[in-house]
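Student: model this:
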Amino acid sequence: MEVESSASNASPKGRPMSSAPKSQKITPPREYENPSLVVDKNIVNELLLVCGVIGSTVDPETQQIVPVEDCINWLQDLQRALRRDEDAFRPISLLLGQWKVVEQKLLPLVISCRYNTPLILTIVKILVILTKPISENAKKAANAIIDIRKGKTDPMVVKEQIKLRENAIAQANLLAEYKKIFVHHTSHLRNKKSKENVKSEGGLLSVFVSLLAEPLSKTGLSRTAEDHLTMELILHLFRNLLCAGDPILKESSKVNEAKILHQELLTLFEKEKVLDFLVVIGQEMENRENKQYNLLYMEILHHMLKNQDPTMVARSVLGKKKEVLKSASKQVARSQTATSSRNGSLLSRLKQERNQMLSKNTSRHSHFAGTLVKKNADGESKFVTAASTTAKSASRSGIASTKAMADEKKKTKKHQHFVGATNINAINSASSINFATSTPTSNRSNRALHSFCMRFMNECYGPVMKTLKNEFRRDSSRLESDDKVIFFRLVWFFSQWWRIALKESGLSNIDTSAAKKETKSNTEKSLGNLIFTMDVFTFNLVLTSADFFMEHKKYRDLAQTVSLYVEMMHLLSNMYQSTDSTEQIMAMGLMDRLFYQSEPIDRLGKLLNAWIPGTFTRDYVCDLLELTNVTLKLLDANAKACDSFKDLSGKKKSKKKSQHEDAVHRMRAEAADFDVLTFFGRKIVSNQVVFMFGQLLSQYNINATHINDHIVSLFVRFCKFVVARDEDYDEWEGQKKTKITLEPMLFNLPLLTVLNEILNDTSLQGNELFDNLLKFASTIVRHFARASEKNPMLFVEAMIRHPIPHRYCETVANIYVTDELLMIAERDMLLEQSNLDDDDSDEEDAPVARPTRKVANRTTSPKAQQDEDDDEEEEELEFIDDVQAKPVEKDSDSSDDESTKSSNEKTPKTKEDDIQAIEKELDEEEERWNDRRSFKPKRKLLSQPGDSEEAARDTSEIDDEANEADEEVFAAPLPQGKRIKKSTVLEDSDDEDFGKPTSTLVPSRTATKMLLEDSDEE
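Tutor: Below you'll find the model as predicted:
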């Protein structure tokens, strides 16, 4: 029985014992899975059936798939299944990517059935769905920060976030894989002719381009809806291929792979005639049947030109010619060495090469690092390795070491004045860095883009930009949020490419005469087409967008907008210097709108003041420098041209001018009245600008030559800007002042540190490219040393950023003797002189005292004289205390005046006149003070002798009468012959003679006399 029971319990079908716990039979719950990330089993079975049928047969000879009879129907089933795919997660697309349906089924069908148009169009629809860019929600999920700390977030939420992130990364990797499949397809790796001398049919992309032959041949109403659908499908497919490949996680290796893959795709587009197709569509963009493709066309151009440098594209042709010249020079050198070896100088050549090899190895024990020990000042020993010495030499030569780059990454945002990627525009960097970053793949893609830009500028730029400007002018509902920035980038790319190509073509001496004529005609045409984006509407659109991006802190979009603004100012300068009168008038009109009108739209000063350290990139600061330099040059040139017009403006002409001539006359008159120095002093001069460009100058070793030269020229303009001249000072100063400029603004610690580093850099010595920089650095340091000898406080001022630079420079130059101090000194001298004149007049007019009568305590003692001077000073203050004190003092001294009557030589009539004049003056002061003072001052009731009748009244009657007669008592003078007793003082008096003020000094129920609380008179 025991065996049977145990067997029954052990069997899975047996009934469990009652004593056994129920929890043993409960299975653990499954983990929650998002249904959007999982494909239904029915759909999986359907996909397996479709994918198995369409590629079931393979031709073993040509390795091409032979489709089944109803292949289109099966492909349409696959298309319907993909339409049901979730857009944010795309589980069906990921499943097809795992099965490798595109490379093993769909693309072989395209090659084998290239002439079956309905089948190819169905495959194109499927490819457009599979290569569609990932959604914004997927990008946010991939870049989201996941908090895995315990207790902060629910573990289920963390798992869900990790799944979404992995899903987004898988989508991006799948798109990059599709792009790689198209680029590296076997049909593209072929020769132009096969072994049998038969032309090849073309690669994979040529099949899609051939579908556009029939729709493009139709114009107007003859183009049907099917033709429009075909064109739209092909354009979307090219857009998806160009857009794919960007990694979500910005790893250096993946970023480089994506960049190389994109360059290979551009080369393939040129080979498979895709770029020709884009040129054909761009030529007819203004036609009614093609206007609907303008925004899609703009997006294709944007993705095609992304991560491409217009300067490198413009220099790609010259780079190829330089390579030819280098190879030729190498051959010449080899022939010279061969001839020299024949002449017996081979031994000297070998010695020279050996010396060069030894000179490169400057570190001690370079092959055995760590043998040299260096003792520091604190007694610690330190090993000197070869890596440290090579790092120092590399930093001096402009090549950053890995350790230095790692240390720079560890710095905080406050210490990093420039942010962003390490890749910088070629126009702002040294030529050595540009040649180091160029590769054969990048050179091929740049040459392909250069030829496309030449054709696009000649044939497509005008029609395309007209239609795009109309969309922005009408504020079309088709526009998206990023379309404006995309439009700015396209205009910037073609403008900078044209400028560099025109500049470099003038320097090249390799072209033949026919090639020179062709390039010259192309550049002239390009200049004409660029005028389509050089109007007031484009300037307003750019400047208003800059304000919007600045206000909403979209610094990346602001940098792109400023880059376009710089290129437009370069084009404006070229238009102003053109020989064509029409272009000159257009340039004058744009300059009038930008600078000369009552409400100019220029944003240079606002952009300079909006720079924040640790927020913008280095290229943004270079753009601000270029914008400042071009603007000042343009204004200076126009100011010189308008000087002659200012002289002729006063002359009257008898002939009536046309409306056009009147407009030109008005613009030139406004330009003649414009002061460039005032513009420079108000918009550009600031400590912010000096600090910003000083930090840019600290990267002198990687800056382009013109960047360093522009910084030097701007700082030299600071040194020549005069704040005060000789005629600004009066002759009474005694010494002649020199011109005071803004040079003390450059005497700050950050800039002086940079200049010290430049002067101590031995690699710059003897280099002609840095001659101007070295001269400027030595001059500023020498001037600072001379100025600090006169004013040692400059060492302290160099560490402070002063808010008002003009006043600071004038103060430092005058050794802190400002205009205010000079005015105070002048006033003191005048007051002293006037006092001396008054004393002399008093001595002359003083009366002679008679010795017949002696009056005690009435002689003019020094103390009495001081009291009289104090009384005169108090009369100047407009207080009611003085108004009340003066009659009191007059009455108190009336007896003294009577005692000294006999000694006074004046007649009674003159005395009465003097008394009347004094009383009149006092009355005027009293009326003036009563007009100013609108409130009622508080009074203190003090006892007066001879008021016994008023003392018998009731307290209530006294208070009522006192309130009614408040104003009369306030203005009434004290009766003559009465003195203020010692008890009648203010409560808050601080006079030590009267003791400590208390509230008991005010008696109650007595007759009173009203005085001010704040009086200090006895």
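
Student: Would you map the strands across the stretch 351-500 of the chain?
Tutor: Taking DSSP state E, counting those that start in this stretch, the strands of the stretch 351-500 of the chain run over residues 372-375, 381-384.

Student: ranking the ones you listed by mean pLDDT, which is last?
Tutor: When the strands of the stretch 351-500 of the chain are compared on average pLDDT, strand 381-384 comes out lowest at a mean of 58.

Student: Quick one: end-to-end length of stretch 684-702, please.
Tutor: The stretch stretch 684-702 measures 25 Å between its terminal residues, going by C-alpha to C-alpha, to the nearest Å.

Student: Can you point out the buried residues in stretch 94-112?
Tutor: For stretch 94-112, burial by neighbour count (16 or more other C-beta atoms under 10 Å) applies to 94-97, 101-102, 105-112. In short, each C-beta sits where N, CA and C put it, glycine included.

Student: Alpha carbons of it, in CSV - could you do that?
Tutor: Extracted C-alpha coordinates of stretch 94-112, given in CSV (Å, rounded to 0.1, in the frame of the first residue of the first chain):
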residue,chain,number,x,y,z
LEU,A,94,12.2,43.8,-37.3
LEU,A,95,11.0,40.2,-37.9
LEU,A,96,11.5,40.5,-41.6
GLY,A,97,15.0,42.0,-41.0
GLN,A,98,15.9,38.9,-38.9
TRP,A,99,14.7,36.7,-41.8
LYS,A,100,16.8,38.7,-44.3
VAL,A,101,13.9,39.1,-46.7
VAL,A,102,15.2,42.3,-48.3
GLU,A,103,18.6,41.0,-49.4
GLN,A,104,17.6,37.4,-50.2
LYS,A,105,14.1,37.9,-51.7
LEU,A,106,13.1,41.5,-52.7
LEU,A,107,16.3,42.9,-54.2
PRO,A,108,17.0,39.8,-56.3
LEU,A,109,13.5,40.1,-57.7
VAL,A,110,14.3,43.7,-58.7
ILE,A,111,17.3,42.6,-60.6
SER,A,112,15.6,39.7,-62.3
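
Student: Mind listing residues that contact it?
Tutor: When contacts are taken as C-beta atoms under 8 Å, 6 or more residues apart in numbering, the neighbours of stretch 94-112 outside the stretch itself are 39, 44, 47, 51, 54-55, 59, 62-67, 71, 82, 119-120, 123, 126-127, 130, 167, 170-171, 174, 177-178, 181, 185, 187, 204, 207.

Student: Quick check: next helix or strand after the helix or strand harbouring Ala138?
Tutor: Secondary-structure assignment from DSSP states H and E places Ala138 in helix 136-143. Reading on from helix 136-143 to the C-terminus, the next helix or strand found by DSSP H and E is helix 155-183.

Student: need the next SSE after that next one, C-terminal direction.
Tutor: Once helix 155-183 ends, the next helix or strand along the chain (criterion: DSSP H and E) is helix 204-210.

Student: Mind checking which of the buried residues of stretch 94-112 land in helices?
Tutor: 94-97, 101, 107-112 (DSSP state H).

Student: on that earlier part again, would CSV of the buried residues of stretch 94-112 with distance to Leu212 and pLDDT be doable?
Tutor: Formatted as CSV, the entries for these read as follows, by distance: C-beta to C-beta, whole Å; pLDDT from 0 to 100:
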residue, distance to Leu212, pLDDT
Leu94, 31, 93
Leu95, 32, 93
Leu96, 27, 93
Gly97, 28, 92
Val101, 26, 92
Val102, 22, 92
Lys105, 24, 90
Leu106, 20, 92
Leu107, 19, 91
Pro108, 22, 90
Leu109, 20, 90
Val110, 15, 91
Ile111, 18, 89
Ser112, 21, 87
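
Student: Farthest pair within those?
Tutor: Of all pairs drawn from those, the one with the largest separation by C-beta to C-beta is Leu94 and Ser112; the distance is 26.7 Å.

Student: Show me which positions of stretch 498-506 end up buried.
Tutor: Going through stretch 498-506 with 16+ other C-beta under 10 Å, the ones that come out buried are 498-502, 505.

Student: swap that for stretch 623-638, please
Tutor: Neighbour-count burial for stretch 623-638 flags 623-632, 634-635, 638 (criterion: 16+ other C-beta under 10 Å).

Student: re the thing from before, nearest to Tyr297, of the buried residues of stretch 94-112?
Tutor: Distances from those to Tyr297 were compared by C-beta to C-beta; the smallest belongs to Val110, at 24.2 Å.
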